[in-house]
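Student: fold the following and give me the result.
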Amino acid sequence: MSEVAQSGPAEPQARHVVYCGVCSLPPEYCEFGGKAKKCEEWLKSNHPDLYEHLYSEEALSSNLSTLKVSVQERAAKDAAKKEAKAALADARDAERKAASKVQIKRVERNKRKHVSVITGLEVYGLENKKVAKELGKKFATGSSVTKSSAGTEEITVQGDVSEDVKEWLLEVYGKEIPEANIELIEDKKKKSSAPQ
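Tutor: Predicted structure coming up:
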């Protein structure tokens, strides 16, 4: 009876799967991610044994020998197109980041009450909710994410902390946001001059 219990199904063993640090696919599928050259460089520096298994001369020649000439040419053209598309997207993204501004407005609510409104952080890959929470903790005040009249998200922080927000952004996110792209604006509330 004890022999039957031991000869049951073996426990499945866990596998260790490596994921690319560039495209987040397994290295065998990096060619479909559009950044094959960058993926290949990453794999070479981080996992040389796997790189050798996938990109050695004999591995490449054995893979290419099974393909027809027309299929090889088509595969090379497709890979070149994907590389060019990815490079163009990266260039467009960098250009958009260079041209966009993070605006920090000091808005007057009542006579001596002010709020600071921050817009334009999403271009730099920052999450508005996360930044709003960090600002609320940093300045011990209320902060929230709201939709502006233009339809974009903006962070509203209670109090006149616009100068401090600029310094904090440069300190914490200085690598992502250049100082030249942060703009301080003072927006005074228009006084209504209604005749009486």
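
Student: contacting residues around the residue nearest the centre of the chain?
Tutor: Closest residue to the average C-alpha location of the chain: residue 125 at 4.8 Å, with C-alpha atoms, centre = their mean. Listed by C-beta atoms under 8 Å, 6 or more residues apart in numbering, the contact partners of residue 125 are residue 176. (Glycine included, C-beta is placed from N, CA and C.)

Student: cool, the one 10 residues further on as well?
Tutor: Under the criterion of C-beta under 8 Å, 6+ apart, the neighbours of residue 135 are 118, 143, 155, 157, 165, 168.

Student: assign residue 155 to helix, strand or coil.
Tutor: For residue 155, the assignment made with DSSP: H, G, I helix; E, B strand; the rest coil gives strand.

Student: please renumber the chain so that the first residue is 140 from this point on.
Tutor: From this message on, residue numbering opens at 140, which makes the last subject residue 294.

Student: where in the chain is the helix or strand with the lowest mean pLDDT?
Tutor: The weakest-scoring helix or strand in the chain, judged by mean pLDDT, DSSP states H and E, is helix 141-145 (a mean of 53).

Student: going along the chain, name the helices of this protein.
Tutor: In the chain, the segments counted as helices under DSSP state H are 141-145, 175-185, 187-194, 196-204, 208-238, 267-278, 301-312.

Student: export those helices to JSON lines and tack on distance to residue 161?
Tutor: Shown next, in JSON lines, are these (distance: least, C-beta to C-beta, whole Å):
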{"stretch": "helix 141-145", "distance to residue 161": "46"}
{"stretch": "helix 175-185", "distance to residue 161": "5"}
{"stretch": "helix 187-194", "distance to residue 161": "13"}
{"stretch": "helix 196-204", "distance to residue 161": "20"}
{"stretch": "helix 208-238", "distance to residue 161": "10"}
{"stretch": "helix 267-278", "distance to residue 161": "24"}
{"stretch": "helix 301-312", "distance to residue 161": "22"}
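
Student: nearest to residue 319, of these?
Tutor: Shortest separation from residue 319 across the helices of the chain is recorded for helix 208-238, at 9.3 Å, computed as C-beta to C-beta.

Student: which of the helices of the chain comes out lowest on mean pLDDT?
Tutor: For the helices of the chain, mean pLDDT drops lowest on helix 141-145, to a mean of 53.
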